[in-house]
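Trainee: Take a look and give me a structure for this.
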Amino acid sequence: MQIKILSVTSKKNTLFDDLFFQYKKRLPRHIQLDHIKIPMVKRSKTKPVKAAVLEEGEALLKHVNLTDLLIVLDETGKQLSSIEFSSWMDDWLLNGQNPVFAIGGPDGFSEAIKDRASTILSLSIMTLPHAMVPVLMSEQIYRSWTILDGQPYHRN
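Mentor: Alright, predicted model coming up:
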């Protein structure tokens, strides 16, 4: 299974890259996890927010295949427990599906992204630092794998 995390980012922030890699390398070989950074489009008087968000959406969609499950991360989305999320992962593994998690920029997603999404998922109703979200997702992906594999990492 190929899992992608796409994030719109304004800086070359590498502060959390090591943490992301720590969870990535713990996953078994048949679960490939990648983080792709999409440059945030600069806003200006000549490029309003809506146009920038549309351009970011187009850049995100270039990394999504027709058969991928696009999951938009947004505070208004559905919230899941780790057990529920691991059930999703089990379905992806059984059905040979490749999830793609999209993390928007500060102004959110275009309607084209939301329309293409299989689902909208919320990690929290709180606003989280965008640079930290790929780490949180990689940890939850790893946690889900350990739940499915019967490892003691996740405790109720």
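
Trainee: Strands of the protein, start to end?
Mentor: 2-9, 32-39, 69-78, 99-103, 119-121 (DSSP state E).

Trainee: and the last one, what does it pack onto?
Mentor: If I follow you right, that is strand 119-121. Contact here means 3 or more Cβ pairs under 8 Å, 6 or more residues apart in numbering; DSSP states H and E; on that basis strand 119-121 packs against strand 69-78. All C-beta atoms are positioned from the backbone trio N, CA, C, and that covers glycine.

Trainee: Point to the residue nearest the middle of the chain.
Mentor: Residue closest to the average C-alpha location in the chain (Cα atoms, centre = their mean): Phe101, at 2.7 Å.

Trainee: ok, that residue - contacts?
Mentor: 3-6, 71, 73, 121, 137 (Cβ atoms under 8 Å, 6 or more residues apart in numbering).

Trainee: what does the helix or strand bottoming out on mean pLDDT in the chain rub up against?
Mentor: When the helices and strands of the chain are compared on mean pLDDT, DSSP states H and E, helix 111-116 comes out lowest with a mean of 93. Helix 111-116 is contacted by residues 54, 57-58, 60-61, 64, 70, 72, 102, 104, 120 when judged by Cβ under 8 Å, 6+ apart.
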